[in-house]
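Asker: Compute the structure for the input listed below.
(2 chains)
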Amino acid sequence: MRAIVTVIGRDTVGIIAAVCALLSEKNVNVLDISQTVLQEYFTMIMLVDTSAATVPFAQLREELAAAGQERGLDIRVQREDIFDAMHRI
Amino acid sequence: MLNNKDILSTIHMIDQEHLDVRTITMGVSLLDCCDPDPKTACRKIYDKITTSAQNLVRTGEDIEAEFGIPIVNKRISVTPIALVAGASDCPDYVSFAKAMDEAAKAVGVNFIGGFSALVQKGMTAADKKLIASIPEALAVTDLVCASVNMGSTKAGINMDAVGLMGETVKAAAERTADRGGFGCAKLVVFCNAVEDNPFMAGAFHGVGEAERVINVGVSGPGVVHHALKKVKGQPFDVVAETVKKTAFQVTRMGQLVAREASSRLDVPFGIVDLSLAPTPAVGDSVARILEEMGLETCGTHGTTAALALLNDAVKKGGVMASSSVGGLSGAFIPVSEDEGMIAAAQSGVLTLDKLEAMTCVCSVGLDMIAVPGDTPASTIAAIIADEAAIGMINQKTTAVRLIPAPGKKVGDTVEFGGLLGSAPVMPVHPESAADFIARGGRIPAPMNSLKN
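Answerer: Next up, the predicted model:
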């Protein structure tokens, strides 16, 4: 299952490393990644594959959100379908 | 890969603009629960509901977690109880409402609708018993919603039922006087009721429906409002196109959730109801959309035209986004549930008469409106008759959900809390309609019902 991870918040050192470490720990494969920094405001969008993940989706979501809170970031993971549905005909 | 801008725009809609799926509603047929013994019938009802909907809430929560889209309510609608309870030998149907309530609590849903009767042309003995049971049923249950359809384009308006419903609304308010007349917030009087509506308080599972069905109601006034802010001052063609595009996106999301829920629960997908359903939260108001079009306050001259455009554009945008659109589909204008409507009513600009005009062009009717507690039953019945006439002639659904708040006067406010919000008490005309309602009988179906 493909999902989109979004990380939004103030830029600090090690955000990408922290998120990637957490994903790899859960055996979630990163397929694509893009990021921008606008006036200290950090946005990262990752396309990931969760089909071989070692934890249920809901748990992955909670752990990512918790990891984000520690750093003052908004981290979420959502199935790709929701974006496809809203922006593709 | 998806465009980053698109991804962020969806997240912004959910985060900042209150985008959500308002409800996943499972319709359950109770026609096989009829039994001469009321206790057996109630047990069958409880068993059928708890078996059919045992996974509804968990499935809704799973979908919510995976897609990251809030699903505010999970609900159940059932066959109009008058049709089921009619087979049982008992003096009233309050026990059936209690069975529904217990079943709803057991499966963890937010509401259960279908304590209903369809009396557009006449009332059976069971219909009369059900209507007589409504005030008590709504007072002793928490989650049960009741509705009565007393008119249609095909049948005309059953004025005996209209008179009876005026008294029933009053009785429901008085029986729940300790809670500001809360019983009335769970009671809708319809003309041209639809059988697949997922929204409360008027949801029931029509007899033309399958054994079980999944219907989804979307929301999204905040998203439309935000989109319109970007086209300030532009002509109405642009406004209509903007609303259409937004409604399309919102409905696609609803369709995805509906399909997913249907396949996980192994229950056929019914319809997506593409209604703009407001909440009392700031930024989730239909009134503010109308004001964004250039009106100083919702309710002033121009409001009906603005609402007509909005309602039509929502349908046009949504209809292509879903394989099956149904329910009420349009813009809702419940006063207590809409922060902008509350403000407009409190300022005195939005009146009951203007709201009545607005119901000619939107999806439902006079919804969640508090009126003084001493309003006579005949006046409430006359308001119901006016709404029914609008529905009957225009071949649309109209509804009345009035709360004659016990002990309250114009200027007071009734607090319901949660999605139901708070209702400023609005004035009604003091001149009597008692002789009009006392006539009874039936207003014949209009010429435009003769289509064959």
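Asker: Please save the CA atoms from the regular element (helix or strand) spanning residue B:384 in PDB.
Answerer: Residue B:384 is part of helix B:377-394 when elements are defined by DSSP states H and E. This file holds the C-alpha atoms of helix B:377-394, laid out as PDB (Å, rounded to 0.1, in the frame of the first residue of the first chain):
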ATOM      1  CA  ALA B 377     -49.400  24.200  18.600                       C
ATOM      2  CA  SER B 378     -51.600  25.500  15.700                       C
ATOM      3  CA  THR B 379     -48.900  28.100  14.800                       C
ATOM      4  CA  ILE B 380     -46.300  25.400  14.700                       C
ATOM      5  CA  ALA B 381     -48.600  23.300  12.500                       C
ATOM      6  CA  ALA B 382     -49.200  26.300  10.200                       C
ATOM      7  CA  ILE B 383     -45.400  26.700   9.800                       C
ATOM      8  CA  ILE B 384     -45.200  23.000   9.000                       C
ATOM      9  CA  ALA B 385     -48.000  23.400   6.500                       C
ATOM     10  CA  ASP B 386     -46.200  26.300   4.800                       C
ATOM     11  CA  GLU B 387     -43.000  24.300   4.400                       C
ATOM     12  CA  ALA B 388     -44.900  21.300   3.200                       C
ATOM     13  CA  ALA B 389     -46.600  23.400   0.500                       C
ATOM     14  CA  ILE B 390     -43.200  24.700  -0.700                       C
ATOM     15  CA  GLY B 391     -42.000  21.100  -1.000                       C
ATOM     16  CA  MET B 392     -45.100  19.700  -2.600                       C
ATOM     17  CA  ILE B 393     -45.300  22.400  -5.300                       C
ATOM     18  CA  ASN B 394     -41.600  22.500  -6.000                       C
END
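Asker: Next, the angle from the helix or strand following that helix to helix B:377-394.
Answerer: Note on helix B:377-394: by DSSP H and E, the next helix or strand toward the C-terminus is strand B:398-405. Calculated by axes from the mean of the first three to the mean of the last three C-alpha atoms, to 10 degrees, strand B:398-405 forms an angle of 160 degrees with helix B:377-394.
Asker: and chain B, which residues reach chain A?
Answerer: Residues of chain B lying close to chain A (C-beta under 8 Å from any C-beta of the partner chain) are B:1-4, B:6-11, B:62, B:65-69, B:249, B:252-253, B:255-256. To be clear about C-beta, it is placed using only N, CA and C from the backbone, and glycine gets the same treatment.
Asker: Would you map the strands across chain A?
Answerer: With DSSP state E as the criterion, chain A has strands at A:2-10, A:29-38, A:41-49, A:73-79.
Asker: Next up, the contacts around residue 28.
Answerer: I'll assume chain A. Contacts of residue A:28 were listed using C-beta atoms under 8 Å, 6 or more residues apart in numbering or on different chains, and they are A:48, A:49, A:50, A:52, A:53, A:60.
Asker: wrong one, I was asking about chain B
Answerer: B:48, B:49, B:52, B:53, B:76, B:77, B:78, B:79, B:205, B:211, B:212.
Asker: what's the offset of stretch B:115-126 from the middle of its chain?
Answerer: Remark: stretch B:115-126 is offset 19 Å from the chain centroid, using C-alpha atoms, centre = their mean, to the nearest Å.
Asker: Run through who's touching it.
Answerer: B:80-83, B:85-86, B:93, B:96-97, B:100, B:127, B:130-131, B:134, B:137-138, B:144-152, B:154-158, B:160-161, B:191, B:193, B:204, B:442.
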